[in-house]
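In: with the input below, show me the fold.
(2 chains)
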Amino acid sequence: MPPDSGIALNDGEILSVRGLTAAYGESKVLFEIDLSAKHRQVVACVGRNGAGKTTLLKSIAGFVRPRSGSIMANQVSLVGLKSYDIARMGIKYIPQDKKVFSDLTVRENLELGSYATGDYDWNRITAYFPKLRELMDRKAGYLSGGERQMLMIGRALLGRPKVLLIDEPTEGLAPSIVAHLKDVFTELSRNTALVMVEQNLPLVCAIAAKVYALKEGRMVAELTDRESIRPEVCERYL
Amino acid sequence: MMDAQLLASGVIFGLSIGSIFFLMAIGLSLCFGLMRIISLDQLLYYSIGAYITYSVSLATGSIWLGMLGGVFVAGIASMAVERFVFPRIYEREITFSMITSFGILIGGIGIIKYFWGVVPRPVPVPTLAQIDILGTEVPIYRLIVIVVAALVYIGIWLFLNRTIIGKAIRAGIEDVEHVEGLGINVSRLFTITFIIAGSLSGLAGGLHAPLIMVDPQMGLEVLAFVFMVVIIGGLGSIKGTLVSAFIVGQVVSLGSLVYAPLAQMAPFAIMLLILLVKPTGLYGSALLKR
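Out: Sure, this is the predicted structure:
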């Protein structure tokens, strides 16, 4: 039986996950997860490796089919939709692997994003990431980790997404790039909801309005006030 | 010692047979690259291409029209199979695609036998003209086959590198999930790729038909060679498929001039040697590991 999809969103919520359970084969990875994000809100999920954070994002993005529960975005159930339909609805997933299409140039990578969304306004992308301008004709396989991340975020921004699901965006990046990404995320959150899985607690606490802590597939905490969204508090739940 | 005339004719023969292998193998290679399936049913579209060429040329007197019909019918047949059979296979292990597509091939051979019988059919050569190369008379038709393969290679290259659908296919060969994540309907890419593959297999059958007798088992007869071409070239690589098809074509052709059984054995030896040195094939990439 398909998971229930008849749950209405609360005021201002653009994304709502209720009672989400997901599994790989027989092995359950997520247990009854609840999560919500409002318009222009930065929401972070923290937890140790294997806590189920990536599976949570992949379930929302349609890459993992939930066993039960509901995922609603703008009054539409995402459960059972193809991942490309979910992306077209403006819910974009940026994976943690930093895998760009390495045989394609930066320009071609962006072209694919434009083809999918019909949005050819690259000035907005290069305003966030000016470096991409000079890398346009370079094969993406030759980019550094930071440049790849810029390209992946830039590509996902085409089509003006409503929700960005970002998986470990700063993992393995130099501090200067992390600082730049922090500014970009802050700027993006003026128009877009960000749901971010991130291990960098100072970054999370600096930009997130809500922090969820996951442990062994279960949501163990939901921090919503500035007092509790501090690295030392988040640390307790890891 | 082989004389220059024999060598020239052997090389041209090898290039033309390599061209046929290339046209067939390119479909298998693209299908594996993008969809991670082993599409043995491509050999059925090759047979369909040949049989339609036979029937249409018999009815109209035009072999070229027959080949065009062969490409068209093979394309339609491949589209039907992709739409109705493969969606159930894509998410399963690769062996499923191998077994299912082999079943389609065997079933298709049965249908061919039902309509055309088991007796081999001759297809006339479109032109009997010959050209003198290094003192040896070479049939122009074999040169046409080589030129067609070269044009197809250029066309496929332009399609993959200059069109957005082609770029999406190249991206999908690297990582299909990331392509989906951008909002691109990959099912459509799969269908387009499969139709291209099936049509090219049909073209291979149509072009090969005047050089052999068309018979229901013709797909099975070239199965091993086409497989070798794909593996030697590197799965998913168009350039590798081209190079490898010409290597196998030359080995078959020149091998048979030296010692007839070599035509069958030597390609396997070459494949083993290449795989020992480069397990991903000549132009295969570790990127293809998913």
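In: per-residue pLDDT, B:Leu282?
Out: You'll see B:Leu282 listed with a pLDDT of 88.
In: actually B:Leu275, not the one I typed
Out: Note for B:Leu275: predicted pLDDT of 88.
In: what strand or helix carries it?
Out: With the criterion set as DSSP states H and E, the secondary-structure element containing B:Leu275 is helix B:262-277.
In: ditto for A:Asn49
Out: Under the assignment given by DSSP H and E, A:Asn49 is not contained in any helix or strand.
In: returning to that earlier point: buried set for the helix holding B:Leu275?
Out: Of all the residues in helix B:262-277, those buried under the rule 16 or more other C-beta atoms under 10 Å in any protein chain shown are B:Leu262, B:Ala263, B:Ala266, B:Pro267, B:Ile270, B:Met271, B:Ile274. Just so you know, the C-beta spots here come from the backbone N, C-alpha and C atoms, and that holds for glycine as well.
In: the fourth one against B:Val226, yeah?
Out: Same thing as B:Pro267. No - counting by C-beta atoms under 8 Å, B:Pro267 sits too far from B:Val226 to count as a contact (10.8 Å).
In: need the residue closest to the centroid of chain A.
Out: When chain A is reduced to its mean C-alpha position, the nearest residue by C-alpha atoms, centre = their mean turns out to be A:Leu165, at 1.5 Å.
In: any chance you could map the helices in the chain?
Out: No chain in the question, so chain A it is. Shown for chain A, the helices assigned by DSSP state H span residues A:53-61, A:83-88, A:106-117, A:122-128, A:131-135, A:145-157, A:175-188, A:201-207, A:231-236.
In: please go with chain B instead
Out: For chain B, applying DSSP H gives helices covering B:4-35, B:42-60, B:63-84, B:94-116, B:140-162, B:164-174, B:176-182, B:186-208, B:218-233, B:238-258, B:262-277.
In: I'd like those helices as TSV, with distance to chain A appended.
Out: As requested, these are exported to TSV (distance: least, C-beta to the nearest C-beta, whole Å):
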stretch	distance to chain A
helix B:4-35	11
helix B:42-60	24
helix B:63-84	16
helix B:94-116	17
helix B:140-162	9
helix B:164-174	4
helix B:176-182	4
helix B:186-208	7
helix B:218-233	16
helix B:238-258	12
helix B:262-277	22
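In: show me the shaky parts of the stretch 1-150 of chain B.
Out: Applying pLDDT under 70 to the stretch 1-150 of chain B flags the ranges B:1-2.
In: got the residues of chain A near chain B?
Out: Contact residues of chain A with respect to chain B, defined by C-beta under 8 Å from any C-beta of the partner chain, are listed as A:61, A:63, A:82-84, A:87-88, A:92-93, A:95, A:99, A:101-104, A:108-109, A:111-113, A:115-117, A:155-156, A:159.
In: so among those, which ones count as buried?
Out: Using 16+ other C-beta under 10 Å as the burial test, the residues of chain A next to chain B include A:61, A:63, A:83-84, A:87-88, A:92-93, A:95, A:101-104, A:108-109, A:111-113, A:115-117, A:155-156, A:159 as buried.
In: can I get stretch B:119-126 in CSV, CA atoms only?
Out: As requested, C-alpha coordinates have been extracted for stretch B:119-126 and formatted as CSV (Å, rounded to 0.1, in the frame of the first residue of the first chain):
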residue,chain,number,x,y,z
VAL,B,119,16.2,-21.3,-46.1
PRO,B,120,19.0,-18.7,-46.5
ARG,B,121,18.0,-15.9,-48.8
PRO,B,122,20.4,-14.0,-51.2
VAL,B,123,20.3,-10.2,-51.4
PRO,B,124,21.9,-8.8,-54.6
VAL,B,125,24.8,-6.4,-54.2
PRO,B,126,23.6,-2.8,-55.1
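In: hmm, who's touching it?
Out: Counting by C-beta atoms under 8 Å, 6 or more residues apart in numbering or on different chains, stretch B:119-126 makes contact with B:50-51, B:53-54, B:57, B:63-64, B:66, B:139, B:141, B:144, B:209-211, B:213-215, all of which sit outside it.
In: now list the buried members of the residues you listed.
Out: With neighbours counted by 16+ other C-beta under 10 Å, these contain buried members at B:50-51, B:53-54, B:57, B:63, B:66, B:139, B:141, B:144, B:209-211, B:214-215.
In: returning to that earlier point: neighbouring contacts of the helix holding B:Leu275?
Out: Where contact means C-beta under 8 Å, 6+ apart, the residues beyond helix B:262-277 that reach it are B:224-225, B:228, B:231-232, B:247-248, B:251-253, B:255-256, B:281-282.
In: max pairwise distance over the residues you listed: which two?
Out: Across the contacts of helix B:262-277, the two members that end up farthest from each other (C-beta to C-beta) are B:Ser256 and B:Gly281, 24.2 Å apart.
In: more neighbours: these two, which one.
Out: More neighbours surround B:Gly281 than the other of B:Ser256 and B:Gly281, with 25 against 17 (other C-beta atoms under 10 Å in any protein chain shown).
In: tell me which residues touch whichever residue of chain B sits closest to chain A, please.
Out: With C-beta to the nearest C-beta, the shortest gap between chain B and chain A falls at B:Gly183, namely 3.6 Å. Contacts of B:Gly183 were listed using C-beta under 8 Å, 6+ apart, and they are A:Tyr84, A:Ala87, A:Arg88, A:Lys92, A:Ala116, A:Thr117, A:Gly159.
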